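J.: Predicted model, plus sequence, below.
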Amino acid sequence: MGRTQPATRKLRIFLQAGVPTVKILSREDKGDFTLEKFEFDNLAGSTVPGYLLLPKNSPGKVPAILYCHWHGGQYDIGKEELFRTNATPVAAGPALVKQGYAVIAIDAYCFGERNGAGPGGPAEKGSAGEMTASKFNLWVGRSLWGMIVRDDLMALDYLCSRPEIDATRVGVTGISMGATRTWWAMALDERLKAGSAVCCLTRYQDLTTSEGLKYHGIYYFVPGMLNYHDTEAVVALAAPRPLLFQSGETDAGSPVEGIRTIESVVQKAYKLFERDADFQSKIYPAVGHVYLPEMWEQTVQWLNAKLKQ
(Lines give C-alpha, C1' and ligand atoms only; values in the text may rest on other atoms or scores of the structure.)
Protein backbone atom coordinates (compact mmCIF):
# COMPACT_ATOMS: atom_id res chain seq x y z
CA MET A 1 0.00 0.00 0.00
CA GLY A 2 3.01 2.31 0.32
CA ARG A 3 3.21 2.52 -3.45
CA THR A 4 0.42 3.80 -5.65
CA GLN A 5 -1.69 0.90 -6.81
CA PRO A 6 -2.56 0.70 -10.56
CA ALA A 7 -6.24 1.64 -10.16
CA THR A 8 -5.34 4.61 -7.98
CA ARG A 9 -2.65 5.69 -10.42
CA LYS A 10 -5.14 5.66 -13.29
CA LEU A 11 -7.60 7.74 -11.28
CA ARG A 12 -4.89 10.20 -10.34
CA ILE A 13 -3.85 10.60 -13.98
CA PHE A 14 -7.50 11.29 -14.88
CA LEU A 15 -7.83 13.90 -12.15
CA GLN A 16 -4.54 15.66 -12.80
CA ALA A 17 -3.73 17.71 -15.87
CA GLY A 18 -0.11 18.59 -15.11
CA VAL A 19 1.31 21.88 -13.89
CA PRO A 20 -1.15 24.53 -15.04
CA THR A 21 -0.19 27.70 -16.83
CA VAL A 22 -0.63 30.29 -14.12
CA LYS A 23 -1.16 34.01 -14.52
CA ILE A 24 -0.05 36.06 -11.51
CA LEU A 25 -2.49 38.95 -11.21
CA SER A 26 -0.99 40.89 -8.32
CA ARG A 27 1.60 40.88 -5.53
CA GLU A 28 1.17 42.65 -2.20
CA ASP A 29 3.46 43.12 0.77
CA LYS A 30 1.52 42.01 3.84
CA GLY A 31 4.29 42.44 6.38
CA ASP A 32 5.00 38.83 7.37
CA PHE A 33 4.35 37.55 3.87
CA THR A 34 3.89 38.37 0.22
CA LEU A 35 0.38 37.76 -1.07
CA GLU A 36 0.11 36.68 -4.68
CA LYS A 37 -3.21 36.47 -6.44
CA PHE A 38 -3.22 34.13 -9.41
CA GLU A 39 -5.48 32.24 -11.75
CA PHE A 40 -5.22 29.26 -14.06
CA ASP A 41 -7.31 27.55 -16.70
CA ASN A 42 -8.30 24.09 -15.46
CA LEU A 43 -8.60 22.87 -19.07
CA ALA A 44 -12.21 21.88 -18.40
CA GLY A 45 -13.91 25.18 -19.15
CA SER A 46 -13.25 27.03 -15.91
CA THR A 47 -10.83 29.65 -14.63
CA VAL A 48 -9.57 28.96 -11.10
CA PRO A 49 -8.60 31.96 -8.94
CA GLY A 50 -6.31 31.50 -5.97
CA TYR A 51 -3.99 33.01 -3.39
CA LEU A 52 -0.42 32.09 -2.53
CA LEU A 53 1.04 33.38 0.73
CA LEU A 54 4.85 33.32 0.80
CA PRO A 55 6.72 33.96 4.08
CA LYS A 56 9.29 36.73 3.89
CA ASN A 57 12.94 36.49 4.89
CA SER A 58 13.05 32.69 4.83
CA PRO A 59 16.62 31.32 4.66
CA GLY A 60 15.73 28.59 2.17
CA LYS A 61 12.88 26.58 0.72
CA VAL A 62 9.84 26.52 3.01
CA PRO A 63 7.26 23.84 3.81
CA ALA A 64 3.79 24.52 2.46
CA ILE A 65 0.11 23.91 3.10
CA LEU A 66 -2.68 23.34 0.59
CA TYR A 67 -5.61 24.94 2.40
CA CYS A 68 -9.09 23.74 1.43
CA HIS A 69 -11.97 26.06 2.31
CA TRP A 70 -15.29 24.80 3.61
CA HIS A 71 -18.82 24.96 2.22
CA GLY A 72 -21.16 26.18 4.98
CA GLY A 73 -23.48 27.63 2.33
CA GLN A 74 -21.06 30.58 2.19
CA TYR A 75 -20.68 30.71 -1.56
CA ASP A 76 -19.31 34.26 -1.64
CA ILE A 77 -16.30 33.49 0.58
CA GLY A 78 -14.27 30.60 -0.85
CA LYS A 79 -10.54 31.25 -0.64
CA GLU A 80 -11.16 34.44 1.38
CA GLU A 81 -11.62 32.05 4.30
CA LEU A 82 -7.83 32.26 4.65
CA PHE A 83 -8.25 35.73 6.14
CA ARG A 84 -11.47 35.24 8.09
CA THR A 85 -12.87 33.35 11.05
CA ASN A 86 -16.11 32.23 9.40
CA ALA A 87 -15.00 28.58 9.60
CA THR A 88 -11.85 28.53 11.73
CA PRO A 89 -11.10 30.00 15.18
CA VAL A 90 -8.25 32.07 13.71
CA ALA A 91 -7.52 33.45 10.24
CA ALA A 92 -5.77 30.35 8.95
CA GLY A 93 -3.61 31.91 6.24
CA PRO A 94 -1.60 34.40 8.32
CA ALA A 95 -1.55 31.96 11.28
CA LEU A 96 0.09 29.26 9.16
CA VAL A 97 2.55 31.75 7.68
CA LYS A 98 3.66 32.63 11.21
CA GLN A 99 4.43 28.93 11.65
CA GLY A 100 6.78 29.18 8.66
CA TYR A 101 4.53 27.77 5.92
CA ALA A 102 3.70 28.99 2.46
CA VAL A 103 -0.05 28.64 1.98
CA ILE A 104 -2.09 28.15 -1.17
CA ALA A 105 -5.87 28.23 -1.53
CA ILE A 106 -8.22 28.33 -4.50
CA ASP A 107 -11.92 28.97 -5.01
CA ALA A 108 -13.67 25.64 -5.47
CA TYR A 109 -16.37 25.38 -8.12
CA CYS A 110 -19.29 27.73 -7.29
CA PHE A 111 -17.42 29.59 -4.52
CA GLY A 112 -15.77 32.99 -4.20
CA GLU A 113 -15.05 34.48 -7.60
CA ARG A 114 -16.53 31.35 -9.20
CA ASN A 115 -19.94 31.96 -7.64
CA GLY A 116 -22.06 32.70 -10.70
CA ALA A 117 -19.36 31.55 -13.11
CA GLY A 118 -20.94 28.18 -13.89
CA PRO A 119 -23.12 26.83 -16.70
CA GLY A 120 -26.13 28.81 -15.45
CA GLY A 121 -24.40 32.15 -16.00
CA PRO A 122 -23.84 35.11 -13.66
CA ALA A 123 -27.49 35.32 -12.57
CA GLU A 124 -27.40 31.80 -11.12
CA LYS A 125 -25.48 31.79 -7.86
CA GLY A 126 -25.33 29.88 -4.60
CA SER A 127 -27.02 26.52 -4.30
CA ALA A 128 -28.79 26.99 -7.64
CA GLY A 129 -25.46 27.42 -9.41
CA GLU A 130 -24.05 24.42 -7.56
CA MET A 131 -26.96 22.26 -8.70
CA THR A 132 -26.53 23.33 -12.31
CA ALA A 133 -22.78 22.66 -12.18
CA SER A 134 -23.50 19.19 -10.84
CA LYS A 135 -26.06 18.49 -13.58
CA PHE A 136 -23.72 19.69 -16.32
CA ASN A 137 -20.82 17.57 -15.11
CA LEU A 138 -23.00 14.47 -15.02
CA TRP A 139 -23.99 15.16 -18.62
CA VAL A 140 -20.35 15.09 -19.73
CA GLY A 141 -19.47 12.01 -17.70
CA ARG A 142 -17.94 13.67 -14.66
CA SER A 143 -18.96 14.48 -11.10
CA LEU A 144 -18.79 17.93 -9.52
CA TRP A 145 -16.81 16.40 -6.65
CA GLY A 146 -14.27 14.91 -9.03
CA MET A 147 -13.76 18.31 -10.63
CA ILE A 148 -13.36 20.02 -7.25
CA VAL A 149 -10.63 17.56 -6.26
CA ARG A 150 -9.03 17.83 -9.70
CA ASP A 151 -8.67 21.60 -9.26
CA ASP A 152 -7.09 21.03 -5.83
CA LEU A 153 -4.50 18.72 -7.36
CA MET A 154 -3.75 21.26 -10.08
CA ALA A 155 -3.19 23.86 -7.35
CA LEU A 156 -0.84 21.36 -5.71
CA ASP A 157 0.99 20.96 -9.02
CA TYR A 158 1.54 24.71 -9.11
CA LEU A 159 2.55 24.91 -5.45
CA CYS A 160 5.19 22.19 -5.85
CA SER A 161 6.58 23.88 -8.95
CA ARG A 162 7.42 27.10 -7.14
CA PRO A 163 11.14 27.49 -6.38
CA GLU A 164 10.41 28.86 -2.89
CA ILE A 165 8.68 25.63 -1.82
CA ASP A 166 10.21 22.48 -0.36
CA ALA A 167 8.05 20.02 -2.28
CA THR A 168 9.05 17.21 0.10
CA ARG A 169 7.25 18.97 2.97
CA VAL A 170 3.75 19.79 1.78
CA GLY A 171 0.60 19.20 3.82
CA VAL A 172 -3.13 19.74 3.42
CA THR A 173 -5.87 20.82 5.79
CA GLY A 174 -9.45 22.04 6.00
CA ILE A 175 -12.78 21.79 7.79
CA SER A 176 -16.05 20.29 6.56
CA MET A 177 -16.01 20.25 2.74
CA GLY A 178 -12.37 21.27 3.15
CA ALA A 179 -11.80 18.20 5.32
CA THR A 180 -13.29 15.92 2.70
CA ARG A 181 -11.12 17.60 0.08
CA THR A 182 -8.20 16.93 2.43
CA TRP A 183 -8.64 13.17 2.75
CA TRP A 184 -9.47 12.66 -0.91
CA ALA A 185 -6.36 14.62 -1.91
CA MET A 186 -4.23 12.60 0.53
CA ALA A 187 -5.58 9.39 -1.01
CA LEU A 188 -4.85 10.50 -4.56
CA ASP A 189 -1.50 12.26 -4.34
CA GLU A 190 1.57 11.03 -2.46
CA ARG A 191 3.24 14.43 -2.66
CA LEU A 192 1.06 15.39 0.29
CA LYS A 193 3.11 14.27 3.27
CA ALA A 194 0.63 15.05 6.06
CA GLY A 195 -2.98 16.06 6.51
CA SER A 196 -5.33 17.37 9.18
CA ALA A 197 -9.08 17.18 8.61
CA VAL A 198 -11.73 18.67 10.92
CA CYS A 199 -15.29 17.30 10.69
CA CYS A 200 -16.69 15.35 7.72
CA LEU A 201 -15.13 11.96 8.38
CA THR A 202 -18.35 10.57 7.00
CA ARG A 203 -19.04 6.93 6.23
CA TYR A 204 -21.71 7.01 3.55
CA GLN A 205 -23.57 3.83 4.50
CA ASP A 206 -23.94 5.06 8.07
CA LEU A 207 -25.04 8.48 6.83
CA THR A 208 -27.78 6.78 4.80
CA THR A 209 -28.86 4.57 7.71
CA SER A 210 -29.20 7.61 9.96
CA GLU A 211 -31.23 9.42 7.26
CA GLY A 212 -28.58 12.12 7.11
CA LEU A 213 -28.05 12.65 3.40
CA LYS A 214 -29.72 16.04 3.83
CA TYR A 215 -26.69 17.28 5.76
CA HIS A 216 -24.49 17.33 2.64
CA GLY A 217 -24.90 19.29 -0.59
CA ILE A 218 -25.12 17.87 -4.10
CA TYR A 219 -21.39 18.47 -4.66
CA TYR A 220 -20.61 15.68 -2.20
CA PHE A 221 -21.97 12.68 -4.05
CA VAL A 222 -19.90 10.44 -6.34
CA PRO A 223 -21.91 8.21 -8.72
CA GLY A 224 -21.39 4.50 -8.20
CA MET A 225 -19.12 4.82 -5.18
CA LEU A 226 -21.08 2.51 -2.87
CA ASN A 227 -21.06 -0.21 -5.51
CA TYR A 228 -17.39 -0.73 -4.69
CA HIS A 229 -16.36 0.67 -1.31
CA ASP A 230 -17.00 3.23 1.39
CA THR A 231 -15.01 6.04 2.96
CA GLU A 232 -12.53 3.80 4.76
CA ALA A 233 -11.20 2.48 1.44
CA VAL A 234 -10.37 6.02 0.32
CA VAL A 235 -8.86 7.16 3.62
CA ALA A 236 -6.71 4.01 3.85
CA LEU A 237 -4.93 5.02 0.63
CA ALA A 238 -3.21 7.78 2.62
CA ALA A 239 -1.26 5.18 4.61
CA PRO A 240 1.43 5.41 5.83
CA ARG A 241 1.51 9.21 5.59
CA PRO A 242 0.41 11.08 8.75
CA LEU A 243 -3.29 11.91 8.85
CA LEU A 244 -5.23 13.47 11.74
CA PHE A 245 -9.02 13.61 12.03
CA GLN A 246 -10.98 15.64 14.57
CA SER A 247 -14.74 15.22 14.77
CA GLY A 248 -17.65 16.31 16.92
CA GLU A 249 -19.65 13.59 18.63
CA THR A 250 -22.99 15.27 17.84
CA ASP A 251 -22.19 16.18 14.23
CA ALA A 252 -25.15 14.60 12.41
CA GLY A 253 -23.34 14.81 9.08
CA SER A 254 -20.69 12.35 10.34
CA PRO A 255 -22.35 9.61 12.42
CA VAL A 256 -20.02 8.39 15.17
CA GLU A 257 -20.75 4.73 14.36
CA GLY A 258 -19.37 5.31 10.89
CA ILE A 259 -16.29 7.07 12.22
CA ARG A 260 -15.54 4.06 14.43
CA THR A 261 -15.84 1.72 11.46
CA ILE A 262 -13.49 3.89 9.41
CA GLU A 263 -11.00 3.99 12.29
CA SER A 264 -11.00 0.20 12.69
CA VAL A 265 -10.19 -0.37 9.02
CA VAL A 266 -7.71 2.46 8.49
CA GLN A 267 -5.78 1.58 11.66
CA LYS A 268 -5.08 -1.83 10.15
CA ALA A 269 -3.65 -0.21 7.03
CA TYR A 270 -1.26 1.92 9.07
CA LYS A 271 -0.33 -1.06 11.21
CA LEU A 272 0.88 -2.88 8.08
CA PHE A 273 3.58 -0.21 7.81
CA GLU A 274 4.24 -0.20 11.57
CA ARG A 275 3.12 3.43 11.54
CA ASP A 276 0.16 3.14 13.89
CA ALA A 277 0.75 6.55 15.48
CA ASP A 278 0.56 8.34 12.12
CA PHE A 279 -3.20 7.81 11.93
CA GLN A 280 -5.11 9.64 14.65
CA SER A 281 -8.83 10.21 15.02
CA LYS A 282 -10.22 12.21 17.94
CA ILE A 283 -13.92 12.60 18.74
CA TYR A 284 -14.90 15.54 20.96
CA PRO A 285 -17.84 14.77 23.30
CA ALA A 286 -20.93 16.98 23.04
CA VAL A 287 -19.43 18.92 20.10
CA GLY A 288 -21.13 19.43 16.74
CA HIS A 289 -19.93 20.66 13.37
CA VAL A 290 -17.48 23.30 14.59
CA TYR A 291 -13.78 24.11 14.63
CA LEU A 292 -12.76 24.57 18.25
CA PRO A 293 -9.62 26.52 19.28
CA GLU A 294 -8.34 23.24 20.74
CA MET A 295 -8.79 21.59 17.34
CA TRP A 296 -6.77 24.37 15.68
CA GLU A 297 -3.97 23.91 18.21
CA GLN A 298 -3.96 20.18 17.48
CA THR A 299 -3.85 20.84 13.72
CA VAL A 300 -0.84 23.15 14.05
CA GLN A 301 1.00 20.78 16.38
CA TRP A 302 0.35 17.84 14.05
CA LEU A 303 1.51 19.63 10.91
CA ASN A 304 4.58 21.03 12.63
CA ALA A 305 5.54 17.60 13.98
CA LYS A 306 5.11 15.91 10.59
CA LEU A 307 6.41 18.57 8.19
CA LYS A 308 9.22 20.19 10.14
CA GLN A 309 11.22 17.12 11.14
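T.: Arrived safely, thanks for sending. Numbers count the residues shown, from 1 in each chain.

J.: What are the boundaries of the strands in the stretch 151-300 of the chain?
T.: Residue ranges of the strands in the stretch 151-300 of the chain, as given by DSSP state E, counting those that start in this stretch, are 165-175, 192-198, 243-248, 279-284.

J.: quick one: buried residues of the longest one?
T.: Residues 165, 169-175 are the ones in strand 165-175 that count as buried (16 or more other C-beta atoms under 10 Å). Just so you know, the C-beta spots here come from the backbone N, C-alpha and C atoms, and that holds for glycine as well.

J.: any chance of these in JSON lines, with distance to P20 and pLDDT too?
T.: Supplementary listing: the buried residues of strand 165-175 in JSON lines, determined by distance: C-beta to C-beta, whole Å; pLDDT from 0 to 100:
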{"residue": "I165", "distance to P20": "15", "pLDDT": "98"}
{"residue": "R169", "distance to P20": "22", "pLDDT": "98"}
{"residue": "V170", "distance to P20": "17", "pLDDT": "98"}
{"residue": "G171", "distance to P20": "21", "pLDDT": "98"}
{"residue": "V172", "distance to P20": "18", "pLDDT": "99"}
{"residue": "T173", "distance to P20": "22", "pLDDT": "99"}
{"residue": "G174", "distance to P20": "21", "pLDDT": "98"}
{"residue": "I175", "distance to P20": "26", "pLDDT": "98"}
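
J.: Mind checking the strands of the stretch 151-300 of the chain for the one nearest to L207?
T.: Nearest to L207 among the strands of the stretch 151-300 of the chain is strand 243-248 (13.1 Å), distances taken as C-beta to C-beta.

J.: residues in contact with that closest one?
T.: Strand 243-248 has contacts (C-beta atoms under 8 Å, 6 or more residues apart in numbering) with 179, 183, 186, 194-199, 201, 235, 254, 256, 259, 278-284, 287-290, 295, 298-299, 302.

J.: what about the helices in this structure?
T.: Assigned by DSSP state H, the chain shows helices spanning 6-15, 92-98, 126-139, 144-161, 177-188, 204-209, 231-235, 256-272, 293-307.

J.: Any stretches of this structure with poor pLDDT?
T.: The chain contains residues with pLDDT under 70 at 1-18.

J.: Let's see that with 80 instead.
T.: Along the chain, the model assigns pLDDT under 80 to residues 1-18, 309.

J.: hmm, back to that, hey, which of the helices of the chain is tucked in deepest?
T.: Per-stretch averages of neighbours, counted by mean count of other C-beta atoms under 10 Å, single out helix 177-188 among the helices of the chain, with a mean of 26.

J.: tilt between that helix and strand 243-248?
T.: Using axes from the mean of the first three to the mean of the last three C-alpha atoms, to 10 degrees, the inter-axis angle of helix 177-188 relative to strand 243-248 is 150 degrees.
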